[in-house]
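**Student:** Generate coordinates for the sequence data below:
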Amino acid sequence: KTFLRTSPQWLIVRFSNRQGLSAQVYKELRNCSYEHWPTLADMAEERALSIASFRRQLQREGFSFQELKDEVRRAIAFECLRNTDLSITAIAEKAGFCEASAFHRAFKQWIGKSPGQFRMDIRLKNQPDLQ
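**Tutor:** Predicted structure coming up:
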């Protein structure tokens, strides 16, 4: 019942409330490098909320702090693979993975292919036809 009640809205629009807490957290994480990401406690304190209240407010918007961090990691990975020539190891570090192998595993879970294959597919799609 929970899946059916909440899925359609999140399948259609993610972060639709740009003023909501989840959008603020996403934006804050996205705008700083992984090694400077604030903790859940830091973010709650910035907003003068208890940790429990911070979590509850995110939950009301359909997120957990960990889900938002994962969402940012995915966004960083996809952006870097599409728009840079950084090595897979460098992208893994930028996205907050301690080891490239952990990044490979996570990426395969996200889309079913390796980061290298994803990058190759993107480049092939962007090549002009030679006919």
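**Student:** Relative to residue 115, how far out is residue 32?
**Tutor:** Distance of residue 32 to residue 115, computed by C-beta to C-beta, to the nearest Å: 23 Å. Bear in mind the C-beta positions are built from the backbone N, C-alpha and C, glycine included.
**Student:** got it, and residue 31?
**Tutor:** The spacing between residue 31 and residue 115, counted by C-beta to C-beta, is 23 Å.
**Student:** which of these two has more neighbours?
**Tutor:** Neighbours were counted for residue 31 and for residue 115 using other C-beta atoms under 10 Å; residue 115 has more, 23 against 9.
**Student:** May I ask which helix or strand of this protein has the lowest mean pLDDT?
**Tutor:** Sorting the helices and strands of the chain by mean pLDDT, DSSP states H and E puts helix 2-12 at the bottom, at a mean of 47.
**Student:** Can you list the buried residues in the helix or strand following it?
**Tutor:** With elements assigned by DSSP states H and E, the helix or strand that comes after helix 2-12 is helix 21-30. Residues of helix 21-30 classed as buried by neighbour count (16 or more other C-beta atoms under 10 Å): 21, 22, 23, 24, 25, 26, 28, 29.
**Student:** Remind me what helix 21-30 packs against, helices and strands.
**Tutor:** On a contact count with 3 or more C-beta pairs under 8 Å, 6 or more residues apart in numbering; DSSP states H and E, helix 21-30 meets helix 51-60, helix 65-83.
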